[in-house]
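Novice: Can you look at this prediction? I've put the sequence above it.
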Amino acid sequence: MTAMRAAGRVPEQPGQPERSGQPEQSGQSGQSGQSGQSGSGQADAAARGEHTHGGPDGGPGGGALDGQDDAVPDIPARHLGVPPPRKPMQRTSVRGQVLDALRAALVGGELAPGEVYSAPALGERFGVSATPVREAMQQLALEGAVEVVPNRGFRVTRRGARELGELAEVRALIEVPVMLRLARSVPAEAWARLRPLAEATVAAAACADLARYAEADRAFHGALLGLSGNQQLVQVADDLHRRSQWPLVSGPVAGRRADLVADAAEHIALLDALVARDLPVVQSLVREHFTGGDV
């Protein structure tokens with residue numbers, strides 16, 4: 001949003017009043033002269049932003065705090081019972097919703113790799129202004145899903161087989177050793193509690209819902225690694241996982257569904273092996289899950 005500047009003249013020198021260019025007139029002799037000088041002094045002080053006190057008749061010298069005003073500090077609003085201003089939440093909420101919608105559109109193939117999309121056009125599509133779309137797209141650019149095209153918008157990144165293979169290799173280097181270590185130490189009941197997450201991937205795969213499967217798959221893998229207690233590991237692995245989902249899978253719908261169903265079935269088999277503490281099967285499934293093109 002554009003900040004608005006308040007209208008009004010600003011003195012040429014901070015702390016000094018503006019001069020009209022006319023010579024000052026000397027005051028009259030006697031009491032009237034003193035009053036004129038006092039009034040002129042108060043006017044100059046007011047122009048400099050100083051606070052002055054007047055007496056009962058408007059003259060100088062009134063008030064118990066006269067002469068001590070500079071020593072009185074400003075009282076914070078919180079001490080006066082005034083609630084602090086609320087932080088704006090609406091933009092953050094809209095940005096998050098747009099980000100989720102864009103991720104779903106990317107995974108689902110609604111935003112095609114190589115195509116350029118403008119923030120105003122996407123904002124019109126989602127019924128919002130261009131600002132939260134730009135903010136969401138900047139986040140997607142950090143994740144590697146899109147790239148900024150100056151004066152045009154954002155281009156959806158093309159991911160080749162080599163790049164997806166490299167991402168899978170890095171994920172395997174991180175996750176396989178951790179999973180094998182957890183398989184030896186985590187009790188069976190802890191693995192059993194993750195079964196609903198594995199079943200959610202099966203349900204999403206059955207209806208070939210790409211966006212839903214992407215979220216369920218990441219939730220399952222995140223919960224597995226979360227048992228390590230290493231949140232840095234979970235965040236790094238989740239970032240790599242998300243990057244490998246652009247695009248999720250390609251080809252005809254029937255082929256996509258078959259790939260998802262096979263991947264989800266490995267989740268169930270892995271949990272069964274972890275509960276049984278069948279380490280050779282765990283090692284085989286985890287390695288195959290990545291080298292076999294896990295999403």
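Specialist: Thanks, I have the structure now.

Novice: Can you pull the domain assignment for this protein?
Specialist: What automatic domain parsing lists as the domains of the chain is 91-156, 161-291.

Novice: Need those domains in a markdown table (columns: mean pLDDT).
Specialist: Shown next, in a markdown table, are the domains of the chain (pLDDT from 0 to 100):
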| stretch | mean pLDDT |
| --- | --- |
| domain 91-156 | 90 |
| domain 161-291 | 88 |
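
Novice: need those domains in CSV with mean neighbour count, can you?
Specialist: No exception for glycine: its C-beta is placed from N, CA and C like everyone else's. CSV is the format used below for these (neighbours: other Cβ atoms under 10 Å):
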stretch, mean neighbour count
domain 91-156, 17
domain 161-291, 17
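
Novice: ranges for the strands of the stretch 151-295 of the chain?
Specialist: 153-156 (DSSP state E, counting those that start in this stretch).

Novice: Sketch out the helices for it, chain order is fine.
Specialist: If DSSP state H, counting those that start in this stretch is used as the criterion, the helices of the stretch 151-295 of the chain fall at 161-185, 188-192, 195-206, 210-226, 231-243, 253-276, 279-291.

Novice: ok, residues contacting the fourth one?
Specialist: To tie it back to what came earlier, the one meant is helix 210-226. With Cβ atoms under 8 Å, 6 or more residues apart in numbering as the contact definition, helix 210-226 has outside contacts at 103-105, 107-109, 175, 178-179, 182, 194, 197-198, 200-201, 203-205, 233-234, 237-238, 241-242, 245, 248-249, 256, 260, 263-264, 267, 295.

Novice: relative orientation of that helix and helix 195-206 in degrees?
Specialist: 160 degrees (axes from the mean of the first three to the mean of the last three Cα atoms, to 10 degrees).

Novice: Same check on the fifth one?
Specialist: Orientation check (the same axes, to 10 degrees): helix 231-243 against helix 195-206 gives 10 degrees.

Novice: which helices and strands does helix 231-243 pack with?
Specialist: helix 161-185, helix 210-226 (3 or more Cβ pairs under 8 Å, 6 or more residues apart in numbering; DSSP states H and E).
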